[in-house]
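model the following, please.
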Amino acid sequence: MKKHLFAILAFITLGYTIASAQTSFGIEAGPTISNTVTKFGHNKTSSQLILGGIGGFYAIVPLSENLFLKPALLYQTKGGSEQAADGNKIKTHLNYLSLPINVLFKTPMQNGNGSWIVGLGPYVAYGISGKQTRTSDDTEVDLFKYEGLKRADAGINAALGFELSSGFNLILSADIGLLNVAGHGNQDNYSRNKSFSLMVGYTFSGRR
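Take a look at the predicted model:
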């Protein structure tokens with residue numbers, strides 16, 4: 001059931017969006033920084049941040065005068081970097097299709113040229129590729145195929161930013177992974193994703 005969760009939520013969200021009046025659509029993209037939080041026994045660590053990217057499409061569905069539903073379908077990179085005991089630098093690069101579904105609260109700016117935005121909601125994601133590299137010998141490992149890393153990820157997404165009356169917007173968002181993506185993981189053996197994004201977007205038409 002877990003492996004079909006992404007598809008189920010995507011179809012439900014798409015159906016609701018199409019059926020809703022005054023829906024507007026947009027695109028957004030920008031850089032991300034991400035890391036992984038891992039625990040093995042009593043040892044809990046956070047990897048160093050790595051730079052990546054995010055981009056895709058979104059819809060804005062009005063729920064009331066100030067509340068909006070924002071589902072999005074995004075390509076997003078996650079991962080982290082760490083120093084191994086043997087001196088190697090190990091970099092983890094994970095590529096996901098992500099579906100955040102945020103409820104947005106918009107309040108008008110004093111100058112009337114746009115709105116301030118606060119958003120919160122869940123996200124689900126599916127890992128389409130992932131690799132781990134060691135700098136000393138250029139060794140590369142497919143994490144999903146050979147290391148048992150779980151493709152399904154889920155957590156909480158929070159957003160803060162503004163949108164101009166022209167349709168351009170700037171959003172700072174955070175993904176806090178709640179799902180243990182480690183293969184055969186448990187409460188004493190887990191790996192969770194965490195990332196922060198700064199996205200520039202444009203809403204094409206409809207009510208903003």
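
flag the shaky bits of the protein, pLDDT-wise.
By pLDDT under 70, the weakly predicted segments of the chain are 1-21, 137-138, 146, 185, 205-208.

in contact with residue 190, which residues?
For residue 190, the contact set (CB atoms under 8 Å, 6 or more residues apart in numbering) comprises 38-39, 180, 182. Every C-beta, even on glycine, is put in place using the N, C-alpha and C of the backbone.

list the helices and strands the helix or strand hosting residue 104 packs on?
Residue 104 is part of strand 89-108, with elements assigned from DSSP states H and E. Counting by 3 or more CB pairs under 8 Å, 6 or more residues apart in numbering; DSSP states H and E, the packing neighbours recorded for strand 89-108 are helix 5-19, strand 50-62, strand 67-83, strand 114-134, strand 152-164, strand 168-177.

among the ones you listed, which is nearest residue 204?
Distances from residue 204 to each of these were compared using CB to CB; the shortest belongs to strand 50-62, at 10.0 Å.

for that closest one, packing partners?
In terms of contacts (3+ CB pairs under 8 Å, 6+ apart), strand 50-62 is packed against helix 5-19, strand 24-40, strand 67-83, strand 89-108, strand 189-203.

who touches the helix or strand following the second one?
Moving toward the C-terminus from strand 24-40, the first helix or strand encountered (DSSP H and E) is strand 43-46. Contacts of strand 43-46 with the rest of the structure, by CB under 8 Å, 6+ apart, involve 35-39, 80, 82, 194.

now that we have the helices and strands packed on strand 50-62, can you turn them into TSV and tack on distance to residue 140?
Output for the helices and strands packed on strand 50-62, formatted as TSV (distance: least, CB to CB, whole Å):
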stretch	distance to residue 140
helix 5-19	26
strand 24-40	18
strand 67-83	13
strand 89-108	10
strand 189-203	19
